[in-house]
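Enquirer: Sharing a model prediction with you, sequence too.
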Amino acid sequence: MSAEEMVYRENILAHYREPQNFGEFEIADICNKGLNPLCGDAVEIFVRLNGDKVVEDVRFKGSGCAISQASASMLTETLKGKSLEEVKNISKEDILGMLGIPIGPVRLKCALLSLRVLEGGIVKFEENGVANES
Amino acid sequence: MQLKEALQPLDIESLRKDFPILQRMVNGHLITYLDSAATSQKPKQVILALEDYYKRYNANIHRGVYKLSEEATQAYEDAHTKVASLIDASFDEIIFTRNATEGFNLVAYAWGLEHVKEGDNIIVSWMEHHSNLVPWQFVARQNGAVLKHIRITEDGLLDMDHFLSILDERTKIVSITQFSNVLGTINDVKTIGKLSHEKGAVFIVDAAQSVPHFAISVKEIDCDFMAFSGHKMLGPTGIGVLYGKKDILNTMRPFLYGGDMISEVNLDKSSWNEIPWKFEAGTPNIAGGIGLGVAADYLLGVGLDRIFEHTRNITKYALQKLSEIPGVVIYGPKEINLRGGVISFNVKGIHAHDLASILDRFGIAIRAGHHCAMPLMKRLGIQACARASFYLYNTLEDVDKLIEGINEARRIFGYVS
């Protein structure tokens, strides 16, 4: 693989072609949607928690560029089994680490869209109180 | 119509030497700059003019009675004359603004708010840049008027039948782009202006994309206002132009109030300076204005007709080459005679931003996104698209590199041709 091709590593393209946890839940504890007006990327995330506020399952749906969709797919893969506190500790660096390619300042919004959507969903969830017992 | 002399083609090799940035290496490749519709590159003549002003005669204008100020004043005023000759206007009809956007805002505030009444309407089109849309949304909302939008045809042309159906005696403003920054469509502004005037409307031309690319006469178009930016026509950023007909400018109230735009100031009231200074409040962008004058001279020196011919040849070649790539969708008029040096397109299965990122790896700069024309994106049924735009310093080899880059992107994404 030439240096040029490294712009999109195979794992990004694999997630883009076949996103993990793609879909939606009708009922979810954490549910949020966000747009990146720059690219027209859209991501919606649905998270189900158990009674101990541990992620039981997660779905996302969206459309847009490979960076935004692959990072959303990768993010959902890491969520299952994590406590809400652990989820809140996921950082920008974690996302960039998963993508594994240099992301310029303009594309950063694409890369971090799903994390921002998730963070916004957690804020809403905590404002509304406890998780729905399922 | 006058018989045109056969045009000498551009001496592209020596012309490219005027643009130092074209020697820049990006990611190990000599830059291929295909985003002049966003901003053009600058010739060394313009860059040197800025340096020369700051090094030799930096002083405020219209104030000092000393050598430096006189030189600066003369150069800044001469720049208005140079821009005037570029669009066939007179010196006092040229107002220097920050950019085209500020030009539209000036008309919106100083003419629109005064003359548009409740129940009146303002007409723009579906293909307008946000700069020629959002100010009119403001005026319409503020004064209780209706904003109407000329539809576009499948081919990316203005639907003139629809225009005639929405144009009426209550139309106060018609503001239309001469050259779409997305579709590349060249609109017949002369006809639109004539129809608008018949109903008593003021006619405004968005010339941000057209002034850099073809010879323009405001007298022939017979528009009331025309707005454009300096940075798209080889000039510096932060300087733009609003042309206005003398009679209208003289009856308008100012836009911004303060220094330099006054003739006499008392404690409680003031009277206004003559045009164009009435509309250039405060110390202006002197260096930018002088640089813009040099850019206008440069364009006139090369010849707008030759520039147009050159970019059209490249566009023609690029349209042909792009259409040969499987999965490429091109937006805008199919007919080359109806379009200028802008091509928007998408490659099936590759988001425009991914494409732009991959091309950047090869030093190729294109635009990707909504191009400040979100309603048009909606009309085209897309979130974003890629855009390659050409200017006087581009070559057919630049197109070849673009095509190679797109093929490489298709390979990376698994679409092998």
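Expert: Good, I have the coordinates. Residues are numbered from 1 along each chain as shown, chains lettered A, B, ... in the order given.
Enquirer: can you tell if stretch B:114-129 touches chain A?
Expert: No: residues of stretch B:114-129 are not located near chain A by CB under 8 Å from any CB of the partner chain, the shortest gap being 15.6 Å. Where C-beta positions appear, they are placed from N, C-alpha and C, glycine not excepted.
Enquirer: What is the end-to-end distance of that stretch?
Expert: The straight-line separation of the ends of stretch B:114-129 (CA to CA, to the nearest Å) is 24 Å.
Enquirer: SS state for the residue nearest to B:Ile286 when sequence neighbours are not counted?
Expert: In this structure, B:Ile286 finds its nearest non-sequential neighbour in B:Tyr76, 5.3 Å apart by CB to CB, 6 or more residues apart in numbering or on different chains. Following DSSP: H, G, I helix; E, B strand; the rest coil, we place B:Tyr76 in the helix state.
Enquirer: what does the model give the residue of chain B most remote from its centre for pLDDT?
Expert: Computed with CA atoms, centre = their mean, the residue of chain B farthest from its C-alpha average is B:Leu267, at 40.4 Å. Looking at B:Leu267, its pLDDT is 86.
Enquirer: Confidence-wise, which helix or strand of chain A is lowest on average?
Expert: helix A:10-17 (a mean of 91; mean pLDDT, DSSP states H and E).
Enquirer: immediately after that one, which helix or strand?
Expert: Note on helix A:10-17: by DSSP states H and E, the next helix or strand toward the C-terminus is strand A:30-36.
Enquirer: now for the least confident helix or strand of chain A, which elements pack on it?
Expert: In terms of contacts (3 or more CB pairs under 8 Å, 6 or more residues apart in numbering or on different chains; DSSP states H and E), helix A:10-17 is packed against helix A:66-79.
Enquirer: mind listing what's buried in the helix or strand just after the helix it packs on?
Expert: Going down the chain from helix A:66-79, the next helix or strand is helix A:84-88, by DSSP H and E. For helix A:84-88, the buried set under the neighbour-count rule, 16 or more other CB atoms under 10 Å in any protein chain shown, comprises A:84, A:87.
Enquirer: same deal with stretch B:399-417?
Expert: For stretch B:399-417, burial by neighbour count (16+ other CB under 10 Å) applies to B:399, B:401-403, B:405-410, B:412-413, B:415.
Enquirer: now it, how far from the chain's geometric center?
Expert: 30 Å (CA atoms, centre = their mean, to the nearest Å).
Enquirer: now stretch A:64-75
Expert: Worked out by CA atoms, centre = their mean, stretch A:64-75 lies 7 Å from the chain centre.
Enquirer: So which residues on chain A come close to chain B?
Expert: Checking chain A against chain B by CB under 8 Å from any CB, the hits are A:4-5, A:7-8, A:13, A:17, A:37-41, A:63-67, A:107, A:110.
Enquirer: where does the closest residue to chain A within the stretch 251-400 of chain B land in three-state SS?
Expert: Residue of the stretch 251-400 of chain B nearest chain A, by CB to the nearest CB: B:Gln383 (2.8 Å). Judged by three-state DSSP, the three-state class of B:Gln383 is coil.
Enquirer: Which residue is the nearest non-sequential neighbour of the residue of chain A found nearest chain B?
Expert: Using CB to the nearest CB, the closest approach of chain A to chain B is made by A:Gly40 at 2.8 Å. Leaving out its chain neighbours, the residue that sits closest to A:Gly40 by CB to CB, 6+ apart is B:Gln383, at 2.8 Å.
Enquirer: sorry, back to before: where does the residue farthest from the centre of chain B land in three-state SS?
Expert: Here B:Leu267 is recorded as coil under three-state DSSP.
Enquirer: What spatial separation is found between it and B:Val294?
Expert: Distance of B:Leu267 to B:Val294, given as CB to CB, to the nearest Å: 41 Å.
Enquirer: repeat for A:Leu13
Expert: 47 Å.
Enquirer: more neighbours, those two?
Expert: For A:Leu13 versus B:Val294, the count of surrounding residues by other CB atoms under 10 Å in any protein chain shown is larger for B:Val294: 24 against 16.
Enquirer: any idea of the mean pLDDT for the one helix or strand that one maps to?
Expert: According to DSSP H and E, B:Val294 maps onto helix B:286-302. Helix B:286-302 shows a mean pLDDT of 98.
Enquirer: who in chain B is up against chain A?
Expert: Counting by CB under 8 Å from any CB, chain B sits next to chain A at B:350-354, B:357-358, B:360-362, B:368-370, B:377, B:382-384, B:408, B:412-414.
Enquirer: need the longest helix for chain A.
Expert: With secondary structure taken from DSSP state H, chain A has its longest helix at helix A:108-128.
Enquirer: May I have the secondary structure class of B:Gly282?
Expert: Under three-state DSSP, B:Gly282 comes out as coil.
Enquirer: Who are the contact partners of it?
Expert: Taking CB atoms under 8 Å, 6 or more residues apart in numbering or on different chains, we find B:Gly282 in contact with B:256, B:258-261.
Enquirer: where does it land on pLDDT?
Expert: Listed pLDDT for B:Gly282 reads 93.
Enquirer: That one and B:Phe255, how far apart?
Expert: B:Gly282 is 11 Å from B:Phe255, by CB to CB.
Enquirer: what do you get for B:Tyr298?
Expert: Applying CB to CB to B:Tyr298 and B:Phe255 gives a distance of 29 Å.
Enquirer: returning to that earlier point: let's have the buried residues of stretch B:399-417 in JSON lines, adding pLDDT.
Expert: As requested, the buried residues of stretch B:399-417 are exported to JSON lines (pLDDT from 0 to 100):
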{"residue": "B:Val399", "pLDDT": "98"}
{"residue": "B:Lys401", "pLDDT": "98"}
{"residue": "B:Leu402", "pLDDT": "98"}
{"residue": "B:Ile403", "pLDDT": "98"}
{"residue": "B:Gly405", "pLDDT": "96"}
{"residue": "B:Ile406", "pLDDT": "97"}
{"residue": "B:Asn407", "pLDDT": "96"}
{"residue": "B:Glu408", "pLDDT": "94"}
{"residue": "B:Ala409", "pLDDT": "94"}
{"residue": "B:Arg410", "pLDDT": "95"}
{"residue": "B:Ile412", "pLDDT": "91"}
{"residue": "B:Phe413", "pLDDT": "91"}
{"residue": "B:Tyr415", "pLDDT": "83"}
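Enquirer: Out of those residues, name the ones that lie in strands.
Expert: Within these, no residue falls in strands by DSSP state E.
Enquirer: Which single one of those residues is nearest to B:Lys246?
Expert: B:Val399 (43.3 Å; CB to CB).
Enquirer: so what's the residue nearest to that closest one when sequence neighbours are not counted up against?
Expert: Closest residue to B:Val399 apart from its sequence neighbours, by CB to CB, 6+ apart: B:Ala318 at 4.5 Å. Contacts for B:Ala318 (CB under 8 Å, 6+ apart) come out as B:343, B:388, B:390, B:399, B:402.
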